[in-house]
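> Quick one, what's the 3D model for this:
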Amino acid sequence: SAQDKLKHGTYGITTYTTIKTKRKEYKVFDAISSTDFCHVYRAQCDDQLAYFNIACNSLSNDIVANEARIIKHLMEAEDYSKFKSYIPLLTDSFFYMDKSRQVNVFSASNDGELYSLDEIKNYYHNGVDPKDIAWMFRSLLVCLGFAHDNGIIHGAILPHHILIQPERHGLIVVEWSYASLGEPIIAINTNYEKWYPSEIFEKNKPEPCLDIYMAAKCMDYLLGKHTNKRLSMFFRGCILESPRQRPQNAW
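Residues are numbered from 1 along each chain as shown. Predicted structure coming up:
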């Protein structure tokens, strides 16, 4: 693509591809990032900015479609309006390229720059202030409480799946592709295999304590070299080996 643009003198000039569905027309611009299963492009539809997430390959279609299924379920929940700021807003989902690639389209947030927990950890090498850990953990548990109340286990609460908006104390949990609505978790992120509790590999029906375990590991990771006895004790109680000994309810 770059060679073709150089040949025609359009390299560096903003261009886009038009993609039409039965209901909408999208202008899809440059690729900006990748998720575990998708390439993410900037897009525009009806003058609204969006993220155009297209499966990396056809093998990822089922997992990408699962994310749409899970988020639609949450968006149809009776209490969705109270908790919608914690999850991405899905605006469309369809097959592209002769049904070879699943696409999910998400509304772009206007609430300021978002940073993953990995980015925050890389910035604060010695760890994040425990007071900030407290509000982040509280927000994360609120999001999980909402999901669990509606029968959903996220199944992959990992540092790059939690996005923070610092000024507004906002938090969004992304990558619901792994999530379960009562069935066993369909996949794990092999790059973070050590972050999962042992029961994830037993293919049993997942319980809320799975998400709570992984959430506590993320917060302990952020805490780093800071010492806070109360938080550390609480995290240890959430990451016990036995699922039955951990907290069972995010609320």
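> In contact with the closest residue to residue 249 other than its chain neighbours: list those residues for me.
Distance criterion CB to CB, 6 or more residues apart in numbering; nearest residue to residue 249, sequence neighbours excluded, is residue 208 at 6.4 Å. Where you see a C-beta, it was placed from the backbone N, CA and C, and this is true even at glycine. Residue 208 is in contact with 144, 148, 153, 248, 249, 250, counting by CB atoms under 8 Å, 6 or more residues apart in numbering.
> same check, this time on residue 92
Shown in contact with residue 92 (CB under 8 Å, 6+ apart): 21, 23, 24, 45, 103, 104, 105.
> go with 6 Å
The neighbours of residue 92, taking CB atoms under 6 Å, 6 or more residues apart in numbering as the test, are residue 105.
> What of the one 4 residues further on?
Shown in contact with residue 96 (CB under 6 Å, 6+ apart): residue 103.
> how about a cut-off of 7 Å?
Residue 96 makes contact with 19, 54, 103, according to CB atoms under 7 Å, 6 or more residues apart in numbering.
> And for residue 137?
For residue 137, the contact set (CB under 7 Å, 6+ apart) comprises residue 219.
> hmm, back to that, lowest-confidence entry in the contacts of residue 96?
Minimum pLDDT for those is recorded at residue 19 (89).
> For that one, pull up the helix or strand it's in.
Element membership of residue 19 [criterion: DSSP states H and E] is strand 17-20.
> In that strand, which residues are buried?
Within strand 17-20, the residues scored as buried using 16 or more other CB atoms under 10 Å are residue 19.
> got it, and stretch 194-214?
Those would be 195-197, 199-200, 206-214, for stretch 194-214 by 16+ other CB under 10 Å.
> In JSON lines: the residues you listed, plus pLDDT, distance to residue 79 and secondary structure.
Formatted as JSON lines, the buried residues of stretch 194-214 follow (pLDDT from 0 to 100; distance: CB to CB, whole Å; DSSP: H, G, I helix; E, B strand; the rest coil):
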{"residue": "195", "pLDDT": "95", "distance to residue 79": "29", "secondary structure": "helix"}
{"residue": "196", "pLDDT": "96", "distance to residue 79": "29", "secondary structure": "coil"}
{"residue": "197", "pLDDT": "95", "distance to residue 79": "28", "secondary structure": "coil"}
{"residue": "199", "pLDDT": "92", "distance to residue 79": "28", "secondary structure": "helix"}
{"residue": "200", "pLDDT": "92", "distance to residue 79": "27", "secondary structure": "helix"}
{"residue": "206", "pLDDT": "95", "distance to residue 79": "21", "secondary structure": "coil"}
{"residue": "207", "pLDDT": "96", "distance to residue 79": "21", "secondary structure": "coil"}
{"residue": "208", "pLDDT": "97", "distance to residue 79": "16", "secondary structure": "helix"}
{"residue": "209", "pLDDT": "97", "distance to residue 79": "22", "secondary structure": "helix"}
{"residue": "210", "pLDDT": "97", "distance to residue 79": "22", "secondary structure": "helix"}
{"residue": "211", "pLDDT": "98", "distance to residue 79": "18", "secondary structure": "helix"}
{"residue": "212", "pLDDT": "98", "distance to residue 79": "20", "secondary structure": "helix"}
{"residue": "213", "pLDDT": "98", "distance to residue 79": "24", "secondary structure": "helix"}
{"residue": "214", "pLDDT": "98", "distance to residue 79": "23", "secondary structure": "helix"}
